[in-house]
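Chemist: Predicted coordinates and the sequence they were generated for:
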Amino acid sequence: MVEQRRKRNREHVRDDEDSLSSMQDHTGKLLEFPPSSDLLRYLVDHRLVVSCPLVKASDFTDYCEQRGLDASRHRLERLEQIGILFPLARGRHFVWTEKLSRSPDGRGYVKEGDLKPGERWDGPVSRREWHLTFGAHHREHLRAYLDEGRLWAPSATEFQPWETFAGGDEREGVESFYSIFQAYTLHFLERVRIDRRIVRVEDLATRTAEENVRAGASLGEWAKEAVDACRGVAARTERVAWLCQVLSNRYFPQTQSDRRTIRVSGWSDFPFERQEDWNRYVRRWYEDGLMSQTLADLNLAVEDIGTMLENIRFEASHSDPLDDWYSFVSFISLAERERLRGAAQLGQHLWTMEGLLRLFRSDLTGEHVPRPHEEGPWLKDLYGSSVPDDTFAFLKGLASHFHVNSNPRLALVVEGDGEAECLPWLIEEINNVSVSGLQIEVLNFRGIDNIAGPRREAGVGLKLLIDYLHRQNTIVYCVLDREGAAEQAVKMLLRASSVLDEGRKVTKQDYVRLWDPNIEFDNFEDVEIARALSDVAEGRVGFDVTEVRKCRFATESGAALKALFLAKTSYELPKRTLLRTLVGHVIAHREQEIDREPRREIVQLAIDIAKYSAGNYPPVGPDIRRKNLESGLFG
């Protein structure tokens, strides 16, 4: 899968020596958008700043720097000066000074009105500001600002040095606003390669002739061509950014997703009397013709959207260091993905833009446009015919493919606390590997009756559990004492056919261990049990082999052993402690136990369980799971 992607990527690799022409070709034809001043009014009139409000220059700088892009105030100003990257909007906001006086009680201040220009005031003052804000409920204010000339598109006016924004009328300030999608243009302009050196376009535009001569006889002419070419590239990428901003209300929440849930932000800012949530906007998008109207308003054709989509996919794929893991990353929590930085976060930004265009094109054509890297027969061959449409199946397949599937490879069914504690301990010590590392889950049913059930329905519940887990390709290994209805339940399990998969038995003999009569007497000699009983009694009484042997041959050996301990110590036998003591002796001599012939059955069981679990790889798709079931691995 990864090699197929890399092969596709290599087919599109651009030659550094012709990078400028490649950049121009890659960004496509110059689309005939309306003038930028008209587009700014279009954003305001249609409230296209709800999901993605325009951000102040300082916030845009932070946004870009988190993605490894240089968007310092100085650089943004220089790019505007040479006509390559403009803020989408610039506006004046109110700045005024209020006169204050002490309140009569001396605990606070009283407002005495605004301080007028030239007015003398010796008392305390407070500087106040009212900033421009782009939001759905600010439309009327923004419209008035546009009409009054207090809000404008910088690309439609002559350049003004940014340092002048701090001067002038003390009652006003100036702020610049960008769309986050303009980071796409900065990404393109970040570096221009020539003669294996890195040159920035704004440096080329301001070099002196002497500097260019020193750098090379032809560099001056090249620099002019490079700047002009970058202007053309920026004109194209800026139109993509504009379109993404226009589409953001409709599609941006769907791109903020882990493929199971989406994040809808900004829409709760509407006042109650004008409440319009995102779902209602989506309905209007289709029912009121907003989708087709948007296409017409921006002088676009469906083919233009397809070209933009192809280009942004190319850029995202080549820029994102996580590209080979695109599908897997797309399932990760949005909050966790937002912690990425540098090129990885830039990749997420570009994939967001790709998602906006992809969803828009799907709606326009009525045809599903697959996500990147998720088309072609290889995907269905690997993950199954339902993928990627079946999100849950795809997630499970990806988790298995990347070896992060959290499903147990083996479920160990035991009947008591002693087995639940000691068998995992023994497995780890004998095999020198953790049970969690083997992805073994211990299911402690706390009593044989809870496992086997009543005799007339012996093992019915356990059968259904095993059948389901085996269908999920999780091996179920049962370790039971021959007590109650356990033997009857085991016989039924080995005969039973699956109710979930035709032609398969529920389980097989390899996955069932029935101790005779129980785990203690089937694995340890009388002398070992007697010594362990004495240790459990902490030396207050002693137990000899003869007493233990009588218990072994009793009708209910486990009950007889408990009675013996109670009679000699006057308290109940802690079976968990007894089994821990016995198993502890085996672990203390594990080298001899492993080499011993024949091995204790409990030692061989620990080896077998580890082997079964380690060899059971989670399937990446239903076809592989079905083949595993048909192989007899699970019954």
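Modeler: Perfect, thanks for sending it. Residues are numbered from 1 along each chain as shown.
Chemist: how about the strands in this structure?
Modeler: For the chain, strands defined by DSSP state E occupy the ranges 55-56, 89-102, 109-114, 125-130, 151-152, 172-178, 192-194, 197-199, 410-414, 440-444, 475-481, 512-515.
Chemist: least reliable of those strands going by mean pLDDT?
Modeler: Of all the strands of the chain, mean pLDDT reaches its minimum on strand 192-194 (a mean of 53).
Chemist: Longest helix in this structure, please.
Modeler: Counting residues, the longest helix in the chain under DSSP state H turns out to be helix 219-255.
Chemist: What residues of that helix count as buried?
Modeler: Buried positions in helix 219-255, judged by neighbour count with 16 or more other C-beta atoms under 10 Å: 219-220, 222-223, 226-227, 229-230, 233-255. Yep, even glycine has a C-beta here, placed from its N, CA and C like the rest.
Chemist: now it and strand 172-178, what's the angle there?
Modeler: Note on geometry: by axes from the mean of the first three to the mean of the last three C-alpha atoms, to 10 degrees, helix 219-255 and strand 172-178 are set 80 degrees apart in direction.
Chemist: quick check: mean pLDDT across helix 219-255?
Modeler: If you average the per-residue pLDDT over helix 219-255, you get 87.
Chemist: ok, how many other residues are close to residue 65?
Modeler: Residue 65 is flanked by 14 other residues according to other C-beta atoms under 10 Å.
Chemist: Next: residue 257.
Modeler: Burial of residue 257 is recorded as 14 neighbouring residues (other C-beta under 10 Å).
Chemist: That one reaches residue 334, doesn't it?
Modeler: Yes - the criterion here is C-beta atoms under 8 Å, and residue 257 meets it with residue 334 at 6.8 Å.
Chemist: where do the contact lists of these two overlap?
Modeler: Overlap of the contact sets of residue 257 and residue 334 (by C-beta atoms under 8 Å, 6 or more residues apart in numbering) consists of residue 263.
Chemist: follow-up on the earlier one: I'd like the strands of the chain laid out as CSV, including mean neighbour count.
Modeler: Putting those into CSV (neighbours: other C-beta atoms under 10 Å) gives the following:
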stretch, mean neighbour count
strand 55-56, 18
strand 89-102, 17
strand 109-114, 12
strand 125-130, 11
strand 151-152, 20
strand 172-178, 20
strand 192-194, 19
strand 197-199, 13
strand 410-414, 23
strand 440-444, 19
strand 475-481, 24
strand 512-515, 19
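Chemist: could you dump these to JSON lines with distance to residue 469?
Modeler: Shown next, in JSON lines, are the strands of the chain (distance: least, C-beta to C-beta, whole Å):
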{"stretch": "strand 55-56", "distance to residue 469": "51"}
{"stretch": "strand 89-102", "distance to residue 469": "59"}
{"stretch": "strand 109-114", "distance to residue 469": "72"}
{"stretch": "strand 125-130", "distance to residue 469": "64"}
{"stretch": "strand 151-152", "distance to residue 469": "64"}
{"stretch": "strand 172-178", "distance to residue 469": "54"}
{"stretch": "strand 192-194", "distance to residue 469": "57"}
{"stretch": "strand 197-199", "distance to residue 469": "57"}
{"stretch": "strand 410-414", "distance to residue 469": "6"}
{"stretch": "strand 440-444", "distance to residue 469": "9"}
{"stretch": "strand 475-481", "distance to residue 469": "5"}
{"stretch": "strand 512-515", "distance to residue 469": "14"}
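Chemist: Tell me which of those strands sits nearest to residue 69.
Modeler: The minimum distance between residue 69 and these falls on strand 172-178, with 12.1 Å, by C-beta to C-beta.
Chemist: tell me what the closest one is packed against?
Modeler: With contacts taken as 3 or more C-beta pairs under 8 Å, 6 or more residues apart in numbering; DSSP states H and E, strand 172-178 sits against strand 55-56, helix 57-65, strand 89-102.
Chemist: how about TSV for these, with distance to residue 147 added?
Modeler: Formatted as TSV, the entries for the helices and strands packed on strand 172-178 read as follows, by distance: least, C-beta to C-beta, whole Å:
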stretch	distance to residue 147
strand 55-56	22
helix 57-65	24
strand 89-102	12
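Chemist: So what's the residue count around the nearest residue to residue 325 once chain neighbours are set aside?
Modeler: Nearest residue to residue 325 in three dimensions, chain neighbours excluded: residue 402, at 7.6 Å (C-beta to C-beta, 6 or more residues apart in numbering). Here the number of neighbours of residue 402 (other C-beta under 10 Å) works out to 12.
Chemist: Please apply the same query to residue 471.
Modeler: For residue 471, the tally of surrounding residues (other C-beta under 10 Å) stands at 17.
Chemist: What of residue 60?
Modeler: Residue 60 has 24 neighbouring residues, counting by other C-beta under 10 Å.
Chemist: OK, contacts around it?
Modeler: Applying C-beta under 8 Å, 6+ apart as the definition, the contact partners of residue 60 turn out to be 71, 76, 178, 180, 182, 183.
Chemist: Output stretch 292-308 as CSV, nothing but the C-alphas.
Modeler: Output of stretch 292-308 as CSV, limited to C-alpha atoms (Å, rounded to 0.1, in the frame of the first residue of the first chain):
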residue,chain,number,x,y,z
SER,A,292,-25.3,26.3,-7.3
GLN,A,293,-25.6,30.0,-6.6
THR,A,294,-22.2,30.0,-5.0
LEU,A,295,-20.7,28.4,-8.1
ALA,A,296,-22.4,31.0,-10.3
ASP,A,297,-21.4,33.9,-8.1
LEU,A,298,-17.7,33.1,-8.3
ASN,A,299,-17.7,32.5,-12.0
LEU,A,300,-16.6,28.9,-11.5
ALA,A,301,-17.3,25.7,-13.4
VAL,A,302,-17.4,22.2,-12.0
GLU,A,303,-14.2,21.4,-13.9
ASP,A,304,-12.4,24.3,-12.1
ILE,A,305,-13.2,22.7,-8.8
GLY,A,306,-11.8,19.4,-10.0
THR,A,307,-8.6,21.1,-11.1
MET,A,308,-8.3,22.8,-7.7
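Chemist: nearest spatial neighbour of residue 533, skipping sequence neighbours?
Modeler: Closest residue to residue 533 apart from its sequence neighbours, by C-beta to C-beta, 6+ apart: residue 543 at 4.2 Å.
Chemist: Tell me how far the one you found lies from residue 422.
Modeler: With distances defined as C-beta to C-beta, to the nearest Å, the gap from residue 543 to residue 422 amounts to 20 Å.
Chemist: cool, and residue 369?
Modeler: Per C-beta to C-beta, residue 369 is found 56 Å from residue 422.
Chemist: Those two: which is more packed in?
Modeler: Taking neighbours as other C-beta under 10 Å, residue 369 and residue 422 compare with residue 422 leading, 24 against 18.
Chemist: What segments of the stretch 251-400 of the chain are helices?
Modeler: Per DSSP state H, counting those that start in this stretch, the stretch 251-400 of the chain carries helices over the ranges 278-287, 290-297, 302-319, 326-330, 334-337, 343-365, 377-383, 391-401.
Chemist: list the contacts for the residue lying closest to residue 362 once chain neighbours are set aside?
Modeler: In space, and not counting its chain neighbours, residue 362 is closest to residue 369: 4.6 Å by C-beta to C-beta, 6+ apart. Taking C-beta under 8 Å, 6+ apart as the definition of contact, the neighbours of residue 369 are 309, 358, 359, 361, 362.
Chemist: likewise residue 353?
Modeler: Contacts here follow C-beta under 8 Å, 6+ apart; on that basis residue 353 touches 181, 184, 240, 244, 312, 316.
Chemist: From residue 56, how far off is the spatially closest residue to residue 245 that is not a sequence neighbour?
Modeler: The spatially closest residue to residue 245, leaving aside those adjacent along the chain, is residue 179, at 4.5 Å (C-beta to C-beta, 6+ apart). Note on residue 179: its distance to residue 56, by C-beta to C-beta, is 12 Å.
Chemist: again with residue 284
Modeler: 30 Å.
Chemist: Could you do residue 604 as well?
Modeler: Between residue 604 and residue 56 the computed distance is 70 Å (C-beta to C-beta).
Chemist: What ranges in the chain fall below the confidence cut-off?
Modeler: Counting by pLDDT under 70, the chain contains low-confidence residues at 1-37, 95, 129-131, 135-137, 166-172, 191-199, 204, 209, 211-220, 268-276.
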